[in-house]
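# what follows is a predicted structure for the sequence shown.
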Amino acid sequence: MEEQLQKIYFECLQELKQIGIDFQNENEFGTIQIVLSNRSKKRYGVCKQEEPDVTTRYIEKRGRKKVIKYAKYKNHKIEISGWVMQLNENIIKNTIIHELIHCIPNCNNHGKEFKKYAKYISDKLGYDIKTVGNKKEDYGRSNIEYQENITYKYKVQCKTCGQIFYRNRICKNFIQKYRCARCNGKLSVE
Ligand SMILES: [Zn+2]
Ligand SMILES: [Zn+2]
């Protein structure tokens, strides 16, 4: 799987180079390393920023607080979640490119600059780079059955309309206390 990731990553680099973004240019983007990670079942990937370029330091105000930020980092470590690798290649590439955009100066968030690049790349190369992925949709597109909320402890179902929802914790008199939010029917817990 690691090998497959490196292969697809390399393809992404080639495609992006063709539209004028050369991530192998270390002066511009710093060094980039990409690895698989099986730590998260939730997130698609992450881009860990290391070694800020101190000349790009700026201060951001958050209410009364002042936060020190850097526009540019020298090293980036991208982790792609193992579960993503079973999806369509197109979705894997979306994920890789999303994390690559975070390596561009001023794109260490999902703000204006990030969105600008996401749109440019999506338009030019026909991708669909989003700020937040939709797991259910992406499983569907890959023809893989999506088991929702598999980690929850309780499955609650309305006896009247059949609506299902999940909880990790349930209070003692849950069934007596609560009714279905949709139809006010009685609930059952499994
Ligand atoms: Zn992101
Ligand atoms: Zn109901």
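That came through fine. Ligands and ions are numbered 1, 2, ... in the order given.
# contact residues of this structure facing ligand 2?
Neighbours of ligand 2 within the chain, by CB under 5 Å from the ion: 158, 160-161, 163, 180, 182-183, 185. For the C-beta atoms, the positions are set from N, CA and C on the backbone; glycine is no exception.
# rerun that using 8 Å as the cut-off
158-163, 179-185 (CB under 8 Å from the ion).
# just the buried ones from those, in ChimeraX syntax?
A single ChimeraX command selects the buried members of those (16 or more other CB atoms under 10 Å):
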select :158,180,185
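# with secondary structure and distance to Thr95 as extra columns, can I get the residues of the chain next to ligand 2 in a markdown table?
Formatted as a markdown table, the residues of the chain next to ligand 2 follow (DSSP: H, G, I helix; E, B strand; the rest coil; distance: CB to CB, whole Å):
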| residue | secondary structure | distance to Thr95 |
| --- | --- | --- |
| Cys158 | strand | 36 |
| Lys159 | coil | 40 |
| Thr160 | coil | 40 |
| Cys161 | coil | 36 |
| Gly162 | coil | 34 |
| Gln163 | coil | 32 |
| Arg179 | coil | 40 |
| Cys180 | coil | 37 |
| Ala181 | coil | 34 |
| Arg182 | coil | 34 |
| Cys183 | coil | 39 |
| Asn184 | coil | 41 |
| Gly185 | coil | 40 |
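# who does the lowest-mean-pLDDT helix or strand in the chain touch, helix- and strand-wise?
When the helices and strands of the chain are compared on mean pLDDT, DSSP states H and E, strand 164-167 comes out lowest with a mean of 80. Identification of packing neighbours for strand 164-167 by 3 or more CB pairs under 8 Å, 6 or more residues apart in numbering; DSSP states H and E yields strand 154-158.
# which positions within the lengthiest helix in the chain qualify as buried?
Secondary structure of the chain read by DSSP state H shows that its longest helix is helix 2-18. Under the neighbour-count criterion of 16+ other CB under 10 Å, helix 2-18 has 5, 8-9, 12-13, 15-16 buried.
# ok, now stretch 73-86?
In stretch 73-86, counting by 16+ other CB under 10 Å, buried: 73, 76-85.
# list just the nearest of these to ligand 2.
The closest of the buried residues of stretch 73-86 to ligand 2 turns out to be Trp83 (CB to the ion; 32.1 Å).
# tell me who's in contact with the one residue sitting closest to the centre of the chain.
The centre of the chain sits closest to Tyr44, judged by CA atoms, centre = their mean, with a distance of 4.2 Å. Residues in contact with Tyr44, defined by CB atoms under 8 Å, 6 or more residues apart in numbering, are 80-81, 84, 95, 98, 133.
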